[in-house]
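**Q** Here is my input, please return the structure:
(one chain, ligands or ions: 1)
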Amino acid sequence: MNEIKTDFCIVGGGPAGLALALMLLRSGARVLVAERSLSLEREYRGEILQPGGLLLLDQLGVLEGAQNRGCFRHSKFRLVEGDRTQLDIDYRKLPEPYNYLLSIPQRHLLSELLDRCRAYEGFTLLAGGKASALREEGGAVRGILAKGPEGEFTVHSHCVIGADGRYSKIRRLADIEHERNDVFDFDVLWFKLPAPPPTDRDPDVQIFRYEGSPVIVYHSWPGSVQIGWTLPHKGYREVAKHGIEHVREEIARAVPPYAGLIRSGLTSLHDLTLLDVFAGAAKSWVRDGLVLAGDSAHTHSPLGAQGINLALQDAALLHPVLMESLRENTADAGFLRRYEDARRGDIDTVMRMQVMQAKGMFARGSGPAAVLRPLIGKLITKTPIGMKITRRIAYGPTPVRVRTDLFTTD
Ligand SMILES: Cc1cc2nc3c(=O)[nH]c(=O)nc-3n(C[C@H](O)[C@H](O)[C@H](O)COP(=O)(O)OP(=O)(O)OC[C@H]3O[C@@H](n4cnc5c(N)ncnc54)[C@H](O)[C@@H]3O)c2cc1C
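**A** Numbers count the residues shown, from 1 in each chain. Modelled structure (predicted):
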(Lines give C-alpha, C1' and ligand atoms only; values in the text may rest on other atoms or scores of the structure.)
Protein backbone atom coordinates (compact mmCIF):
# COMPACT_ATOMS: atom_id res chain seq x y z
CA MET A 1 0.00 0.00 0.00
CA ASN A 2 1.39 3.42 -0.99
CA GLU A 3 0.91 6.27 1.48
CA ILE A 4 0.53 9.88 0.34
CA LYS A 5 0.16 13.00 2.49
CA THR A 6 -1.43 16.11 1.06
CA ASP A 7 -3.49 19.11 2.15
CA PHE A 8 -6.49 18.54 -0.10
CA CYS A 9 -7.63 15.28 -1.67
CA ILE A 10 -9.99 15.95 -4.57
CA VAL A 11 -11.91 12.98 -5.95
CA GLY A 12 -12.87 13.60 -9.59
CA GLY A 13 -10.94 15.43 -12.29
CA GLY A 14 -13.90 17.10 -14.00
CA PRO A 15 -14.41 20.87 -14.31
CA ALA A 16 -15.15 21.30 -10.57
CA GLY A 17 -12.23 19.15 -9.37
CA LEU A 18 -9.52 20.48 -11.67
CA ALA A 19 -10.52 24.15 -11.43
CA LEU A 20 -10.51 23.89 -7.64
CA ALA A 21 -7.17 22.04 -7.72
CA LEU A 22 -5.56 24.85 -9.72
CA MET A 23 -6.96 27.57 -7.43
CA LEU A 24 -5.62 25.77 -4.33
CA LEU A 25 -2.23 25.07 -5.91
CA ARG A 26 -1.87 28.70 -6.96
CA SER A 27 -2.59 29.65 -3.34
CA GLY A 28 0.31 27.50 -2.12
CA ALA A 29 -1.54 24.34 -0.99
CA ARG A 30 -0.65 20.73 -1.79
CA VAL A 31 -3.37 18.95 -3.79
CA LEU A 32 -3.98 15.37 -4.88
CA VAL A 33 -6.58 14.61 -7.56
CA ALA A 34 -7.85 11.02 -7.90
CA GLU A 35 -9.50 10.56 -11.32
CA ARG A 36 -10.79 7.12 -12.21
CA SER A 37 -10.54 7.69 -15.94
CA LEU A 38 -7.17 7.46 -17.68
CA SER A 39 -8.31 9.65 -20.55
CA LEU A 40 -9.72 13.15 -20.71
CA GLU A 41 -12.35 12.16 -23.25
CA ARG A 42 -15.75 12.79 -21.73
CA GLU A 43 -18.22 11.72 -24.39
CA TYR A 44 -21.65 13.33 -24.12
CA ARG A 45 -20.69 15.81 -21.49
CA GLY A 46 -21.21 19.50 -21.29
CA GLU A 47 -19.73 21.35 -24.22
CA ILE A 48 -21.52 24.68 -23.96
CA LEU A 49 -20.08 27.24 -21.57
CA GLN A 50 -21.95 30.32 -20.41
CA PRO A 51 -20.24 33.74 -20.00
CA GLY A 52 -20.04 33.32 -16.20
CA GLY A 53 -17.85 30.25 -16.66
CA LEU A 54 -15.72 32.06 -19.27
CA LEU A 55 -15.07 34.88 -16.80
CA LEU A 56 -13.90 32.45 -14.08
CA LEU A 57 -11.64 30.52 -16.46
CA ASP A 58 -10.14 33.80 -17.63
CA GLN A 59 -9.49 34.92 -14.06
CA LEU A 60 -7.84 31.56 -13.47
CA GLY A 61 -5.66 32.15 -16.54
CA VAL A 62 -6.79 29.15 -18.61
CA LEU A 63 -9.46 30.49 -20.97
CA GLU A 64 -7.14 31.51 -23.81
CA GLY A 65 -5.17 28.26 -23.68
CA ALA A 66 -8.34 26.14 -23.63
CA GLN A 67 -9.81 28.08 -26.56
CA ASN A 68 -6.58 27.77 -28.53
CA ARG A 69 -7.02 23.99 -28.42
CA GLY A 70 -10.15 24.38 -30.56
CA CYS A 71 -13.70 25.64 -30.03
CA PHE A 72 -16.62 27.43 -31.64
CA ARG A 73 -18.22 30.64 -30.48
CA HIS A 74 -22.01 30.73 -30.63
CA SER A 75 -23.56 34.17 -30.63
CA LYS A 76 -27.21 33.25 -30.21
CA PHE A 77 -29.57 30.87 -28.53
CA ARG A 78 -32.69 30.42 -30.67
CA LEU A 79 -35.97 28.56 -30.28
CA VAL A 80 -37.43 27.76 -33.69
CA GLU A 81 -40.92 26.45 -34.48
CA GLY A 82 -41.74 25.81 -38.14
CA ASP A 83 -40.40 28.80 -40.05
CA ARG A 84 -40.71 31.14 -37.06
CA THR A 85 -38.06 32.01 -34.48
CA GLN A 86 -39.96 32.23 -31.20
CA LEU A 87 -37.05 33.13 -28.98
CA ASP A 88 -33.83 34.82 -30.01
CA ILE A 89 -31.33 35.46 -27.24
CA ASP A 90 -28.41 37.43 -28.63
CA TYR A 91 -25.38 37.02 -26.37
CA ARG A 92 -23.57 39.74 -28.34
CA LYS A 93 -25.67 42.27 -26.42
CA LEU A 94 -23.89 41.31 -23.19
CA PRO A 95 -20.80 43.31 -22.23
CA GLU A 96 -17.56 42.24 -23.92
CA PRO A 97 -15.38 40.20 -23.76
CA TYR A 98 -17.62 37.32 -22.55
CA ASN A 99 -20.50 38.01 -24.92
CA TYR A 100 -20.85 34.55 -26.48
CA LEU A 101 -21.58 30.91 -25.68
CA LEU A 102 -18.53 28.70 -26.09
CA SER A 103 -18.78 25.21 -27.57
CA ILE A 104 -15.61 23.46 -26.44
CA PRO A 105 -14.86 19.75 -26.05
CA GLN A 106 -14.43 19.02 -22.34
CA ARG A 107 -11.03 17.45 -23.01
CA HIS A 108 -9.72 20.86 -24.16
CA LEU A 109 -10.83 22.51 -20.96
CA LEU A 110 -9.63 19.65 -18.76
CA SER A 111 -6.25 19.33 -20.56
CA GLU A 112 -5.57 23.02 -20.10
CA LEU A 113 -6.43 22.86 -16.38
CA LEU A 114 -4.42 19.68 -15.89
CA ASP A 115 -1.34 20.99 -17.70
CA ARG A 116 -1.40 24.07 -15.47
CA CYS A 117 -1.77 21.93 -12.31
CA ARG A 118 1.17 19.76 -13.37
CA ALA A 119 3.48 22.77 -13.18
CA TYR A 120 3.18 22.78 -9.35
CA GLU A 121 5.40 20.62 -7.17
CA GLY A 122 2.57 20.20 -4.68
CA PHE A 123 0.36 18.49 -7.28
CA THR A 124 -0.22 14.72 -7.45
CA LEU A 125 -2.50 13.07 -9.98
CA LEU A 126 -3.70 9.52 -9.37
CA ALA A 127 -4.54 8.83 -13.01
CA GLY A 128 -6.99 5.95 -13.23
CA GLY A 129 -7.28 6.16 -9.42
CA LYS A 130 -10.73 5.16 -8.25
CA ALA A 131 -11.71 6.21 -4.74
CA SER A 132 -13.08 3.14 -2.98
CA ALA A 133 -13.33 4.12 0.70
CA LEU A 134 -13.02 7.04 3.08
CA ARG A 135 -10.35 7.14 5.80
CA GLU A 136 -11.94 8.23 9.02
CA GLU A 137 -10.51 9.21 12.41
CA GLY A 138 -12.90 9.81 15.30
CA GLY A 139 -15.86 10.28 12.95
CA ALA A 140 -14.06 12.85 10.76
CA VAL A 141 -12.91 12.13 7.21
CA ARG A 142 -9.12 12.31 6.93
CA GLY A 143 -8.47 10.92 3.46
CA ILE A 144 -9.38 8.16 1.05
CA LEU A 145 -8.36 4.73 -0.16
CA ALA A 146 -7.93 4.54 -3.93
CA LYS A 147 -7.07 1.81 -6.42
CA GLY A 148 -5.48 2.37 -9.80
CA PRO A 149 -3.13 0.94 -12.39
CA GLU A 150 -0.19 1.73 -10.12
CA GLY A 151 -1.62 -0.09 -7.13
CA GLU A 152 -3.46 0.82 -3.98
CA PHE A 153 -3.06 4.14 -2.23
CA THR A 154 -3.91 5.53 1.18
CA VAL A 155 -4.25 9.30 0.99
CA HIS A 156 -3.99 11.33 4.22
CA SER A 157 -5.45 14.82 3.90
CA HIS A 158 -6.72 17.84 5.79
CA CYS A 159 -9.97 17.69 3.80
CA VAL A 160 -11.53 15.51 1.08
CA ILE A 161 -13.50 17.13 -1.72
CA GLY A 162 -16.05 14.97 -3.53
CA ALA A 163 -16.12 16.34 -7.08
CA ASP A 164 -16.99 12.99 -8.63
CA GLY A 165 -20.12 13.86 -10.56
CA ARG A 166 -23.82 13.15 -10.48
CA TYR A 167 -23.55 9.53 -9.32
CA SER A 168 -20.97 10.48 -6.66
CA LYS A 169 -19.35 7.57 -4.83
CA ILE A 170 -17.95 9.92 -2.20
CA ARG A 171 -21.46 11.15 -1.42
CA ARG A 172 -22.56 7.54 -0.90
CA LEU A 173 -19.50 6.60 1.16
CA ALA A 174 -20.11 9.65 3.37
CA ASP A 175 -23.70 8.48 3.86
CA ILE A 176 -25.10 11.76 2.58
CA GLU A 177 -28.65 11.48 1.33
CA HIS A 178 -29.36 12.57 -2.23
CA GLU A 179 -32.76 13.76 -3.32
CA ARG A 180 -33.51 12.92 -6.94
CA ASN A 181 -36.12 15.19 -8.42
CA ASP A 182 -37.87 14.09 -11.61
CA VAL A 183 -39.07 17.57 -12.42
CA PHE A 184 -38.42 17.17 -16.13
CA ASP A 185 -40.89 14.97 -17.99
CA PHE A 186 -38.48 14.06 -20.77
CA ASP A 187 -35.32 12.10 -21.55
CA VAL A 188 -32.84 12.95 -24.28
CA LEU A 189 -31.32 10.86 -27.05
CA TRP A 190 -27.91 12.30 -27.93
CA PHE A 191 -25.82 11.71 -30.99
CA LYS A 192 -23.07 13.39 -32.98
CA LEU A 193 -22.79 13.46 -36.75
CA PRO A 194 -19.80 14.55 -38.80
CA ALA A 195 -20.49 17.92 -40.42
CA PRO A 196 -18.39 20.61 -42.06
CA PRO A 197 -17.62 23.48 -39.67
CA PRO A 198 -19.88 26.48 -40.17
CA THR A 199 -18.20 29.09 -42.32
CA ASP A 200 -20.44 32.07 -43.04
CA ARG A 201 -21.01 33.39 -39.51
CA ASP A 202 -21.02 32.31 -35.88
CA PRO A 203 -23.40 29.36 -35.56
CA ASP A 204 -26.29 29.40 -33.07
CA VAL A 205 -27.35 26.99 -30.36
CA GLN A 206 -30.84 26.09 -31.53
CA ILE A 207 -33.90 24.26 -30.27
CA PHE A 208 -36.26 23.12 -32.99
CA ARG A 209 -39.79 22.44 -31.78
CA TYR A 210 -41.69 19.93 -33.89
CA GLU A 211 -44.88 18.08 -32.97
CA GLY A 212 -44.04 17.91 -29.31
CA SER A 213 -40.49 16.52 -29.49
CA PRO A 214 -38.06 19.44 -29.29
CA VAL A 215 -34.54 18.88 -30.62
CA ILE A 216 -31.43 20.76 -29.50
CA VAL A 217 -28.69 21.25 -32.10
CA TYR A 218 -25.26 22.90 -32.02
CA HIS A 219 -21.95 22.65 -33.83
CA SER A 220 -19.26 20.86 -31.94
CA TRP A 221 -15.53 21.34 -32.58
CA PRO A 222 -13.89 20.37 -34.93
CA GLY A 223 -16.37 18.97 -37.44
CA SER A 224 -19.63 17.65 -36.08
CA VAL A 225 -23.10 18.62 -34.95
CA GLN A 226 -24.35 17.50 -31.58
CA ILE A 227 -28.07 16.68 -31.58
CA GLY A 228 -30.30 15.96 -28.59
CA TRP A 229 -33.81 14.67 -29.33
CA THR A 230 -36.19 14.94 -26.37
CA LEU A 231 -38.62 12.14 -25.67
CA PRO A 232 -41.30 11.63 -23.03
CA HIS A 233 -39.69 10.34 -19.82
CA LYS A 234 -39.14 6.55 -20.17
CA GLY A 235 -40.55 6.69 -23.72
CA TYR A 236 -37.47 5.32 -25.54
CA ARG A 237 -38.54 1.65 -25.60
CA GLU A 238 -41.77 2.52 -27.37
CA VAL A 239 -39.97 4.64 -29.97
CA ALA A 240 -37.16 2.11 -30.49
CA LYS A 241 -39.72 -0.61 -31.27
CA HIS A 242 -40.38 1.13 -34.59
CA GLY A 243 -36.70 0.87 -35.60
CA ILE A 244 -34.01 3.25 -36.80
CA GLU A 245 -35.87 4.25 -40.01
CA HIS A 246 -38.74 5.66 -37.96
CA VAL A 247 -36.47 7.43 -35.45
CA ARG A 248 -34.31 8.89 -38.23
CA GLU A 249 -37.35 10.22 -40.10
CA GLU A 250 -38.86 11.77 -36.96
CA ILE A 251 -35.65 13.63 -36.14
CA ALA A 252 -34.98 14.62 -39.77
CA ARG A 253 -38.45 16.16 -40.06
CA ALA A 254 -37.94 18.08 -36.82
CA VAL A 255 -34.73 19.81 -37.96
CA PRO A 256 -35.08 20.59 -41.67
CA PRO A 257 -31.67 22.35 -42.01
CA TYR A 258 -29.93 19.13 -40.89
CA ALA A 259 -32.32 16.59 -42.49
CA GLY A 260 -29.84 15.49 -45.19
CA LEU A 261 -27.10 14.98 -42.66
CA ILE A 262 -29.38 12.95 -40.39
CA ARG A 263 -30.72 10.76 -43.22
CA SER A 264 -27.23 9.91 -44.43
CA GLY A 265 -25.37 9.81 -41.10
CA LEU A 266 -27.70 8.20 -38.57
CA THR A 267 -27.59 4.52 -39.43
CA SER A 268 -28.21 2.57 -36.23
CA LEU A 269 -29.98 2.83 -32.89
CA HIS A 270 -26.52 2.13 -31.42
CA ASP A 271 -25.47 5.64 -32.58
CA LEU A 272 -27.84 7.06 -29.94
CA THR A 273 -27.10 7.55 -26.25
CA LEU A 274 -30.07 7.79 -23.92
CA LEU A 275 -29.69 10.33 -21.15
CA ASP A 276 -31.94 10.15 -18.13
CA VAL A 277 -32.70 13.81 -17.37
CA PHE A 278 -33.14 14.61 -13.70
CA ALA A 279 -32.28 17.23 -11.17
CA GLY A 280 -31.03 16.42 -7.71
CA ALA A 281 -29.26 17.72 -4.68
CA ALA A 282 -27.41 16.26 -1.72
CA LYS A 283 -29.24 16.90 1.55
CA SER A 284 -25.99 18.25 3.02
CA TRP A 285 -22.80 19.21 1.20
CA VAL A 286 -20.47 18.85 4.18
CA ARG A 287 -19.34 16.43 6.85
CA ASP A 288 -16.40 16.77 9.23
CA GLY A 289 -13.38 16.69 6.90
CA LEU A 290 -15.41 16.42 3.69
CA VAL A 291 -17.20 18.68 1.25
CA LEU A 292 -19.08 18.12 -2.03
CA ALA A 293 -18.78 20.34 -5.12
CA GLY A 294 -20.26 20.46 -8.63
CA ASP A 295 -22.63 17.74 -9.82
CA SER A 296 -22.05 15.59 -6.74
CA ALA A 297 -23.63 18.33 -4.60
CA HIS A 298 -26.31 19.38 -7.10
CA THR A 299 -27.22 17.97 -10.51
CA HIS A 300 -29.04 19.94 -13.18
CA SER A 301 -30.76 19.30 -16.48
CA PRO A 302 -28.08 19.31 -19.23
CA LEU A 303 -30.32 21.33 -21.52
CA GLY A 304 -29.90 24.70 -19.87
CA ALA A 305 -26.07 24.52 -20.25
CA GLN A 306 -25.54 25.40 -16.59
CA GLY A 307 -23.63 22.42 -15.14
CA ILE A 308 -20.07 23.54 -15.96
CA ASN A 309 -20.78 27.13 -15.00
CA LEU A 310 -22.09 26.03 -11.63
CA ALA A 311 -19.23 23.59 -11.08
CA LEU A 312 -16.68 26.37 -11.75
CA GLN A 313 -18.57 28.76 -9.48
CA ASP A 314 -18.59 26.15 -6.70
CA ALA A 315 -14.81 25.85 -7.05
CA ALA A 316 -14.39 29.65 -6.88
CA LEU A 317 -16.55 29.91 -3.75
CA LEU A 318 -15.02 26.89 -2.03
CA HIS A 319 -11.43 27.96 -2.66
CA PRO A 320 -11.23 30.75 0.00
CA VAL A 321 -13.12 28.64 2.56
CA LEU A 322 -10.67 25.75 2.11
CA MET A 323 -7.60 28.01 2.29
CA GLU A 324 -8.89 29.50 5.51
CA SER A 325 -9.70 26.05 6.89
CA LEU A 326 -6.10 25.02 6.22
CA ARG A 327 -4.74 28.15 7.89
CA GLU A 328 -7.03 27.68 10.91
CA ASN A 329 -6.34 23.93 10.95
CA THR A 330 -10.02 23.03 11.11
CA ALA A 331 -12.16 21.16 8.60
CA ASP A 332 -15.20 20.71 10.83
CA ALA A 333 -18.57 20.55 9.12
CA GLY A 334 -19.53 23.76 10.96
CA PHE A 335 -16.61 25.60 9.33
CA LEU A 336 -17.10 24.14 5.85
CA ARG A 337 -20.81 24.91 5.96
CA ARG A 338 -19.98 28.58 5.24
CA TYR A 339 -19.60 27.53 1.62
CA GLU A 340 -22.91 25.64 1.56
CA ASP A 341 -24.74 28.49 3.31
CA ALA A 342 -23.41 31.00 0.79
CA ARG A 343 -24.23 28.83 -2.19
CA ARG A 344 -27.40 26.80 -1.68
CA GLY A 345 -29.89 29.65 -2.22
CA ASP A 346 -28.45 30.42 -5.66
CA ILE A 347 -28.46 26.75 -6.63
CA ASP A 348 -32.14 26.49 -5.68
CA THR A 349 -32.86 29.59 -7.78
CA VAL A 350 -31.09 28.10 -10.81
CA MET A 351 -33.04 24.84 -10.36
CA ARG A 352 -36.33 26.76 -10.36
CA MET A 353 -35.24 28.77 -13.39
CA GLN A 354 -34.39 25.57 -15.30
CA VAL A 355 -37.76 24.01 -14.53
CA MET A 356 -39.46 27.14 -15.90
CA GLN A 357 -37.23 27.11 -18.99
CA ALA A 358 -38.00 23.43 -19.58
CA LYS A 359 -41.73 23.96 -19.18
CA GLY A 360 -41.63 26.87 -21.60
CA MET A 361 -39.35 25.38 -24.25
CA PHE A 362 -39.92 21.64 -24.04
CA ALA A 363 -43.54 21.27 -22.92
CA ARG A 364 -45.66 19.24 -25.32
CA GLY A 365 -49.19 19.82 -26.62
CA SER A 366 -51.39 22.88 -26.86
CA GLY A 367 -51.63 23.82 -23.17
CA PRO A 368 -50.97 27.26 -21.67
CA ALA A 369 -47.23 27.00 -22.44
CA ALA A 370 -47.99 26.84 -26.18
CA VAL A 371 -50.10 30.02 -25.97
CA LEU A 372 -47.64 31.90 -23.78
CA ARG A 373 -44.45 30.79 -25.54
CA PRO A 374 -44.50 33.33 -28.42
CA LEU A 375 -45.42 36.15 -26.02
CA ILE A 376 -42.67 35.31 -23.57
CA GLY A 377 -40.31 34.84 -26.51
CA LYS A 378 -41.08 38.39 -27.68
CA LEU A 379 -40.64 39.75 -24.16
CA ILE A 380 -37.22 38.13 -23.81
CA THR A 381 -36.08 38.91 -27.34
CA LYS A 382 -37.19 42.54 -27.52
CA THR A 383 -37.33 44.14 -24.06
CA PRO A 384 -34.89 45.15 -21.30
CA ILE A 385 -36.45 42.45 -19.08
CA GLY A 386 -35.13 39.94 -21.59
CA MET A 387 -31.61 41.32 -21.19
CA LYS A 388 -31.93 40.98 -17.43
CA ILE A 389 -33.00 37.34 -17.78
CA THR A 390 -30.16 36.66 -20.23
CA ARG A 391 -27.64 38.11 -17.77
CA ARG A 392 -29.04 35.84 -15.03
CA ILE A 393 -28.77 32.77 -17.23
CA ALA A 394 -25.27 33.78 -18.31
CA TYR A 395 -23.81 34.66 -14.89
CA GLY A 396 -26.20 33.14 -12.31
CA PRO A 397 -28.18 34.93 -9.59
CA THR A 398 -25.10 36.28 -7.76
CA PRO A 399 -21.88 37.25 -9.55
CA VAL A 400 -18.93 35.01 -8.59
CA ARG A 401 -15.24 35.85 -8.97
CA VAL A 402 -12.05 33.90 -8.41
CA ARG A 403 -10.21 35.14 -5.28
CA THR A 404 -7.01 35.90 -7.18
CA ASP A 405 -5.80 37.93 -4.17
CA LEU A 406 -5.12 34.58 -2.45
CA PHE A 407 -2.79 33.45 -5.24
CA THR A 408 0.87 33.33 -4.32
CA THR A 409 2.10 32.24 -7.77
CA ASP A 410 1.27 32.83 -11.43
C1 LIG B 1 -25.28 14.72 -22.10
C2 LIG B 1 -24.89 15.87 -21.23
C3 LIG B 1 -24.78 17.13 -21.80
C4 LIG B 1 -24.45 18.22 -21.00
N5 LIG B 1 -24.36 19.46 -21.59
C6 LIG B 1 -23.95 20.50 -20.83
C7 LIG B 1 -23.68 21.75 -21.44
O8 LIG B 1 -23.81 21.93 -22.66
N9 LIG B 1 -23.22 22.76 -20.66
C10 LIG B 1 -23.02 22.59 -19.32
O11 LIG B 1 -22.62 23.57 -18.65
N12 LIG B 1 -23.24 21.42 -18.72
C13 LIG B 1 -23.69 20.37 -19.44
N14 LIG B 1 -23.85 19.16 -18.85
C15 LIG B 1 -23.56 19.01 -17.41
C16 LIG B 1 -22.04 19.03 -17.17
O17 LIG B 1 -21.39 18.07 -17.95
C18 LIG B 1 -21.78 18.77 -15.70
O19 LIG B 1 -22.61 19.59 -14.91
C20 LIG B 1 -20.32 19.08 -15.35
O21 LIG B 1 -19.46 18.25 -16.10
C22 LIG B 1 -20.12 18.87 -13.85
O23 LIG B 1 -18.77 18.93 -13.53
P24 LIG B 1 -18.22 18.11 -12.28
O25 LIG B 1 -16.76 18.37 -12.27
O26 LIG B 1 -19.02 18.41 -11.08
O27 LIG B 1 -18.54 16.57 -12.59
P28 LIG B 1 -18.09 15.65 -13.80
O29 LIG B 1 -17.81 16.45 -15.02
O30 LIG B 1 -19.11 14.57 -13.89
O31 LIG B 1 -16.70 15.04 -13.31
C32 LIG B 1 -16.65 14.05 -12.33
C33 LIG B 1 -15.34 13.29 -12.48
O34 LIG B 1 -15.22 12.35 -11.41
C35 LIG B 1 -14.69 11.13 -11.90
N36 LIG B 1 -15.08 10.08 -10.93
C37 LIG B 1 -16.31 9.57 -10.69
N38 LIG B 1 -16.27 8.65 -9.71
C39 LIG B 1 -14.98 8.57 -9.31
C40 LIG B 1 -14.30 7.80 -8.31
N41 LIG B 1 -14.93 6.90 -7.53
N42 LIG B 1 -12.95 7.97 -8.16
C43 LIG B 1 -12.27 8.86 -8.94
N44 LIG B 1 -12.87 9.61 -9.91
C45 LIG B 1 -14.20 9.48 -10.08
C46 LIG B 1 -15.31 11.01 -13.28
O47 LIG B 1 -14.55 10.16 -14.12
C48 LIG B 1 -15.29 12.46 -13.77
O49 LIG B 1 -14.11 12.78 -14.46
C50 LIG B 1 -24.19 18.05 -19.61
C51 LIG B 1 -24.27 16.78 -19.05
C52 LIG B 1 -24.61 15.69 -19.83
C53 LIG B 1 -24.70 14.33 -19.19
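
**Q** Might you report the residue contacts of the residue of the stretch 151-300 of the chain found nearest the ligand?
**A** Of all residues in the stretch 151-300 of the chain, G294 sits closest to the ligand, at 2.2 Å by CB to the nearest ligand atom. Just so you know, the C-beta spots here come from the backbone N, C-alpha and C atoms, and that holds for glycine as well. The neighbourhood of G294, defined by CB atoms under 8 Å, 6 or more residues apart in numbering, consists of 12, 14-17, 163, 165, 307, 310-311, 314-315.

**Q** Now it: closest residue in space that isn't a chain neighbour?
**A** A16 (2.9 Å; CB to CB, 6 or more residues apart in numbering).

**Q** Isn't that neighbour up against L312?
**A** Yes: here A16 reaches L312: they are 7.2 Å apart, a contact under CB atoms under 8 Å.

**Q** pull the longest helix from this structure.
**A** helix 333-362 (DSSP state H).

**Q** Distance from that helix to the middle of the chain?
**A** Helix 333-362 sits 14 Å away from the centroid of its parent chain (CA atoms, centre = their mean, to the nearest Å).

**Q** tally of neighbours for S37?
**A** The number of residues packed around S37, counting by other CB atoms under 10 Å, is 15.

**Q** which bits of the stretch 51-200 of the chain sit near the ligand?
**A** 130-131, 163-165, 169, 190 (CB under 6 Å from any ligand atom).

**Q** Compile those residues into TSV and extend it with columns for pLDDT.
**A** What follows is those, written out as TSV (pLDDT from 0 to 100):
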residue	pLDDT
K130	97
A131	98
A163	98
D164	97
G165	95
K169	98
W190	91
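
**Q** Of these - the most surrounded one?
**A** A163 (33 neighbours).

**Q** Would you mind confirming that that residue is in contact with A19?
**A** No: the criterion here is CB under 8 Å, and A163 misses it with A19 at 9.1 Å.

**Q** shared neighbours of the two, anything?
**A** A311.

**Q** packing partners for the host helix or strand of V33?
**A** V33 is part of strand 31-35 when elements are defined by DSSP states H and E. Under the contact definition 3 or more CB pairs under 8 Å, 6 or more residues apart in numbering; DSSP states H and E, strand 31-35 sits against strand 2-11, helix 15-26, strand 123-127, strand 140-148, strand 151-162.

**Q** Quick one, which of these gets closest to A279.
**A** In terms of CB to CB, the element of these nearest to A279 is helix 15-26, at 16.9 Å.

**Q** Mind listing what's buried along the closest one?
**A** The neighbour-count check on helix 15-26 (16 or more other CB atoms under 10 Å) flags 15-26 as buried.

**Q** domain assignment for this protein?
**A** 2-48+106-181+280-361, 70-103+185-276+365-398 (automatic domain parsing).

**Q** how many other residues sit next to the closest residue to the ligand within the stretch 301-410 of the chain?
**A** Scanning the stretch 301-410 of the chain for the residue nearest the ligand gives G307, at 1.9 Å (criterion: CB to the nearest ligand atom). Number of residues near G307 (other CB under 10 Å) recorded here: 25.

**Q** One more: the one 3 residues further on?
**A** For L310, the neighbour count with other CB under 10 Å is 27.

**Q** how would you label it: helix, strand or coil?
**A** helix (DSSP: H, G, I helix; E, B strand; the rest coil).

**Q** residues touching it, list them.
**A** Contacts of L310 by CB under 8 Å, 6+ apart are 294, 298, 300, 347, 350, 396.

**Q** can I get those in a markdown table with pLDDT?
**A** Formatted as a markdown table, those follow (pLDDT from 0 to 100):
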| residue | pLDDT |
| --- | --- |
| G294 | 98 |
| H298 | 97 |
| H300 | 90 |
| I347 | 96 |
| V350 | 92 |
| G396 | 93 |
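
**Q** and the closest residue to E81 other than its chain neighbours, how many residues sit next to it?
**A** Nearest residue to E81 in three dimensions, chain neighbours excluded: R209, at 4.3 Å (CB to CB, 6+ apart). Using other CB under 10 Å, R209 has 22 neighbouring residues.

**Q** Just among the contacts of L310, which is most surrounded?
**A** G294 leads the contacts of L310 on contacts (other CB under 10 Å) with 30 neighbours.

**Q** From P198, how far off is that one?
**A** Using CB to CB, to the nearest Å, G294 is found at 31 Å from P198.

**Q** One more: L40?
**A** 25 Å.

**Q** more neighbours, these two?
**A** With neighbours defined as other CB under 10 Å, L40 and P198 compare such that L40 has more, 19 against 13.

**Q** thinking again about what came up before, pick the most buried one from the domains of the chain.
**A** domain 2-48+106-181+280-361 (a mean of 21; mean count of other CB atoms under 10 Å).

**Q** Centre of the chain to it, how far?
**A** 13 Å.

**Q** got it, and stretch 395-410?
**A** 19 Å.

**Q** and what of stretch 195-212?
**A** So, by CA atoms, centre = their mean, the centroid of stretch 195-212 is 21 Å from its chain's centroid.

**Q** contacts for it?
**A** For stretch 195-212, using CB under 8 Å, 6+ apart, the contacting residues are 48, 72-81, 86, 100-101, 103, 214-219, 221-225, 253-255, 258, 261, 305, 361-362, 364-365.

**Q** Quick check: mean pLDDT of it?
**A** Stretch 195-212 shows a mean pLDDT of 78.

**Q** and R73, bridged to which residues?
**A** Beta bridges link R73 to L102 when assigned by DSSP bridges.

**Q** let me fix that: L125
**A** In this entry, L125 is beta-bridged to V33, by DSSP bridges.

**Q** and it, how far is that from P15?
**A** 16 Å.

**Q** What parts of the stretch 301-410 of the chain come near the ligand?
**A** Residues of the stretch 301-410 of the chain lying near the ligand (CB under 6 Å from any ligand atom): 302, 305-309, 311.

**Q** In terms of distance to P149, which of the residues you listed ranks first?
**A** A311 (26.4 Å).

**Q** pretty sure that closest one is touching A16, no?
**A** Yes: counting by CB under 8 Å, A311 touches A16, with 3.8 Å between them.

**Q** shared neighbours of the two, anything?
**A** With CB under 8 Å, 6+ apart, A311 and A16 have common neighbours 163, 293-295.

**Q** so where do the helices sit in the chain?
**A** 15-26, 51-59, 63-68, 106-118, 169-173, 236-241, 243-254, 259-265, 307-327, 333-362, 368-382, 384-395.
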